[in-house]
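got a predicted structure plus its sequence, pasted below:
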Amino acid sequence: MMSTVPTRPTRILLVDDHSVVRAGVRSILQAQADFTLVGEAEDGLDAVRKTVELKPDVLVLDLVLRGVQGLEVLRQVREQAQRTRVVVLSMHQDLAYVVEAQRGGALAYVLKAGPGDEIVKAVRAAMQGLSYVSPPLNQADIDTVARQMEGGKLDLYETLTTREREVCQLAAQGYTNDEIGGQLDISRRTVESHRFRMMHKVGLKNQAELVQFAIGRGVIPRLPGTRQ
Amino acid sequence: MMPSEASSTEPEAAELRARLRRLEAELVAARERETKLQESQARYRILAEDSLAGVYVLQDHKFAYVNKPAAALFGAEPQDLIGQDFTPFMLPETAPLVEENIRRRLAGEISSARYTFRIRTVQGEIRDIEVLGTIATFDGRPAIIGTALDRTGDVAARNALQEQTRLLELILECMGDGVAVANPKGEFVIFNPAGIRITGVGPTDAPPAAWGDAYGIFLPDRTTPFAAGDLPLARALRGESTDGVDMYLRNRSRPDGAWLRVTGRPLVDDDGQMHGGVVVFHDTTDLRHTIEKLERAEAKYRALVEQLPVITYTASAEPMGTILYVSPQIETVLGVAPAEWVANPNLWLGHLHPEDSDRVVAEVRHAWESHQRFVSEYRMITRAGDVVWFHDEAVVLHDLQGNASLLQGVMLDVTERETERRGRKRLQALSADLVAVQEAERRRLGLELHDDIGQVLTGLKMMLNAALASPGPELLARVGDAERLVDEATQRVRELSQRLRPAALDDLGLLPALVSHVRSYERQTKIQVEFEHRGIERRRFAPDVETAAYRIVQEALTNVARHAQVRAVRVRAWAEAGHLAVLVEDQGVGFDAALAEVDGATRGLGGLRERAALLGGQVLIETAPGLGCRVHVELPLVDFVDWR
């Protein structure tokens, strides 16, 4: 052990709903001289209450809990005990969980299936304000997934059905509903319906906006009157 | 005798001469008279002969003399009549009158007579003759001399007038309409029996200004007295015409009141002379009661037709879709007003659901031609583009020739029932499918647990047994082996549970679950997924919707991996007003959509449709051999809770 510099021990609160898991983690943590386990909790509600009350340096938190979920505990701890650093202990290798945990403010993400000393490394990293993820997870993958989970920039035009795109093009070219119906061999009513939905989906209010949209999208040529 | 007197004395001789002179003078005078008389006779004769009037002389029952016009009255010439008995020319009914008049004149009771009687001409024609005859002497004997005129026309005219008057009186007497005529002074001159019966009062002595009170006349509101000056007869007396004025009458004779319809005309002759006014009126009480009854019945019927929760209509099948009447409820259901349906025969066809259109038109035509009852269920599209299910029943009405002329029917909006029925049917099919799928999955899980994890655990147990019996150094190695087996078992269990139910879907929501699935899909299939989304980040939807959306993407991607033969696929997910939509699109081999419908299960698309249908969602699959496949699913976000 490298506890050459006597410092104040790291105060840890352990939260997991499985007593077997808690016992295992407890034994690993207690083996560290500079760690002090100040308390344990087995559900989310208790976890939040004890964190606020005990103000531990590190909260070792299982993501999957009975009652209030781990992510919700994380959110409340961020609000009510800003100084407590959170090490998430999870059985989920799914990167989406890692992203959500990091978004929730967790500094470290440790897999339960990993080697026993991962939790110790994670707590120490957290104490230094560094993020940590246990292998085989890596931050680059996590960031990729995080980006995918960000607000999408899906092109609204893509949400149109093929029929709606056809109606969009013909309507932008100035054809009437009757003419469009004739060309597509569908009834005027159906054209009206498609046209309405199409305009609604891409957020267009009138013919002028439709023409602008269609030109901008390359659906119709830029110069009017040059349609083939 | 003279010679005996001449033999006497001289004085006797002188006296004789004087008598002779006197006699001579008398003879001269007589001769002169004779001459004068002859002249006079000739003069009168000429006068009579030339007269335009008929002149006749009757003597001893015979025509002693007739001039030409008189003979013409009898259809003869003078020479045919003179000396003839006139009796045969008399008609039996006039003969006594003529005899009597002749007798009285000859007897000196009267000197002349003027009268008309009827004769029969030589040709058998009946004529009326007016004569003015006087007693006279003809050839020294009593005779009747007179003039005669043909009065035939006059009599006919008078008779005709009399007949007309009689007829008119009869008509007035018998007719059902009341007729009243007043002279310019406002006095009633005609008031027929029907008029008396209808008014219950009859002619009154009251002046026009008091007629309203006299008869008890009110406006159609039955309370406001009718202004006397506006009464049709009063107006007729002022030269005005009125037509069909309705009034209500209530007086002592008609205490229950009566409805009258009155027409008035002024009586003005050809010269513009005002002779008064006439009104013709009839009792419309019964008619009015009938109309009121009809109106009440009609109102009741209309209320029934227009308030019933069904649409009633009258239509024709020629041309197809002609609507003559449709009750207003149709606007509530389809958003198109009755007037529009009636005005445009193409509207009905246009609003029929394309998939039902041909069938329904054929059904209508069949009912029309076979005169059978039309019963059908079909879909129509509302103005807003929604689908409505109708139960439609109609009878075919015939014209007098027995041809189909009208369809009279009712349409009932059965959308709810139909949706429910279809939903139930789908649910039944789906739950049957689910049970089958569940069983298959359990079987697979059972096998996997037994073959895989069971084997691992068995191996672990044997290994631990062996470790217990091992000496110190070997023990560590064996425990190390056992730990690897435990890791393997843990991994298997994790995969199994992930496949059963991705925890991320429950814990984190749709987007994180999709992102994770897409990553593992890419890893397993080596197919690159281009995933874009909008409006679903950091957002939770109803668990059913999230599960359905996730499974649909999962199934569609599995389908792509199995059949599409592509290196890349596009996945889109977005939330828009009222909808959560997902889209999986590939540029692969595609397939025949019609065939896929039949063996949809093998393509994984059948389950996809059912999942969407269960939530009231819609699936649009666009594909064709060689043209890739585009699966577009929309799940409603607002109504799903109510729907269950």
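Right, received. Where do you want to start? Being a predicted model, the structure only gives us computed values, none of them experimental.

drop to CA atoms for contacts and neighbour counts, all remaining ones
Fine.

where does B:Thr116 fall, helix, sheet strand or coil?
Following DSSP: H, G, I helix; E, B strand; the rest coil, B:Thr116 is assigned to strand.

can you pull the contacts of it?
By CA atoms under 8 Å, 6 or more residues apart in numbering or on different chains, the contact set of B:Thr116 is B:Asp128, B:Ile129, B:Glu130, B:Val131, B:Arg151.

mind listing which of those residues are in strands?
Using DSSP state E, B:Asp128, B:Ile129, B:Glu130, B:Val131 are the members of the contacts of B:Thr116 that sit in strands.

may I see the buried residues of stretch B:241-260?
For stretch B:241-260, burial by neighbour count (16 or more other CA atoms under 10 Å in any protein chain shown) applies to B:241-242, B:246-251, B:254, B:257-260.

among those residues, which two are most distant?
B:Ser241 and B:Arg254 (27.1 Å; CA to CA).

give me the phi and psi for whichever residue of chain A sits closest to chain B.
Using CA to the nearest CA, A:Gly152 is the residue of chain A that sits closest to chain B, at 4.5 Å. When read as degrees, to the nearest 10, the backbone of A:Gly152 gives phi -80, psi 160.

for it, grab the count of nearby residues.
Using other CA atoms under 10 Å in any protein chain shown, A:Gly152 is surrounded by 18 other residues.

now do the contacts for it.
B:Glu532, B:His533, B:Arg534, B:Gly535, B:Glu537.

thinking again about what came up before, may I ask which of the contacts of B:Thr116 has the most neighbours?
B:Val131 leads the contacts of B:Thr116 on contacts (other CA under 10 Å) with 21 neighbours.

the stretch 251-400 of chain B against chain A: which residues are in contact?
For the stretch 251-400 of chain B, the residues in contact with chain A (CA under 8 Å from any CA of the partner chain) are B:Gly350, B:His351, B:Ile381, B:Arg383, B:Ala384, B:Gly385.

how much space separates the first one from A:Lys50?
Counting by CA to CA, to the nearest Å, the gap from B:Gly350 to A:Lys50 is 69 Å.

could you do B:Arg288 as well?
From B:Arg288 to A:Lys50 the distance is 93 Å (CA to CA).

so for these two, which residue has more residues nearby?
A:Lys50 (18 against 14).

coming back round to it: where's the residue of chain A closest to chain B relative to B:Ile536, distance?
8 Å.

ok, A:Leu130 next?
Taking CA to CA, one finds A:Leu130 at 31 Å from B:Ile536.

so which of the two has more stuff around it?
B:Ile536 (20 against 12).

quick one, what contacts that one?
A:Gly151, B:Leu510, B:Leu511, B:Ala573, B:Trp574, B:Ala575.

sitting in strands, which of these do you find?
Counting by DSSP E, the contacts of B:Ile536 contribute B:Ala573, B:Trp574, B:Ala575 to strands.

so what's the first one up against?
Under the criterion of CA under 8 Å, 6+ apart, the contact partners of B:Ala573 comprise B:Glu532, B:His533, B:Arg534, B:Ile536, B:Leu580, B:Ala581, B:Val582, B:Leu583.

what does chain A put close to chain B?
Counting by CA under 8 Å from any CA, chain A sits next to chain B at A:94-97, A:100, A:113, A:145, A:148-154, A:159, A:161, A:187-190, A:192-193, A:201.

helix or strand: which one has the closest residue to A:Val123 other than its chain neighbours?
Once flanking residues are discounted, A:Val123 sits nearest to A:Val87: 6.6 Å by CA to CA, 6 or more residues apart in numbering or on different chains. Assigned by DSSP states H and E, A:Val87 belongs to strand A:85-90.

also A:Glu79?
Per DSSP H and E: helix A:70-80 holds A:Glu79.

next, the angle strand A:85-90 makes with that helix.
Here helix A:70-80 points in a direction 180 degrees away from that of strand A:85-90 (axes from the mean of the first three to the mean of the last three CA atoms, to 10 degrees).

mind putting the ones in strands among the contacts of B:Ile536 in JSON lines, pLDDT included?
Below are those laid out as JSON lines (pLDDT from 0 to 100):
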{"residue": "B:Ala573", "pLDDT": "90"}
{"residue": "B:Trp574", "pLDDT": "88"}
{"residue": "B:Ala575", "pLDDT": "85"}
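
closest to A:Leu170 out of those?
B:Trp574 (25.2 Å).

pretty sure that closest one is touching B:Ala581, no?
Yes - using CA atoms under 8 Å, B:Trp574 makes contact with B:Ala581 at a distance of 5.4 Å.

higher neighbour count, these two?
B:Ala581 (23 against 20).

which residues touch that one?
Contacts of B:Ala581 by CA under 8 Å, 6+ apart are B:Ala549, B:Ala573, B:Trp574, B:Ala575, B:His632, B:Val633, B:Glu634, B:Leu635.

residues near the first one, how many?
B:Ala549: 25 surrounding residues under other CA under 10 Å.

which pLDDT value belongs to the closest residue to A:Glu150 other than its chain neighbours?
In this structure, A:Glu150 finds its nearest non-sequential neighbour in B:Glu537, 6.3 Å apart by CA to CA, 6+ apart. Looking at B:Glu537, its pLDDT stands at 83.

same deal with B:Thr165?
77.

what's the helix or strand for it?
Per DSSP H and E: helix B:152-174 holds B:Thr165.

could you do B:Ser376 as well?
Element membership of B:Ser376, judged by DSSP H and E, is strand B:374-381.
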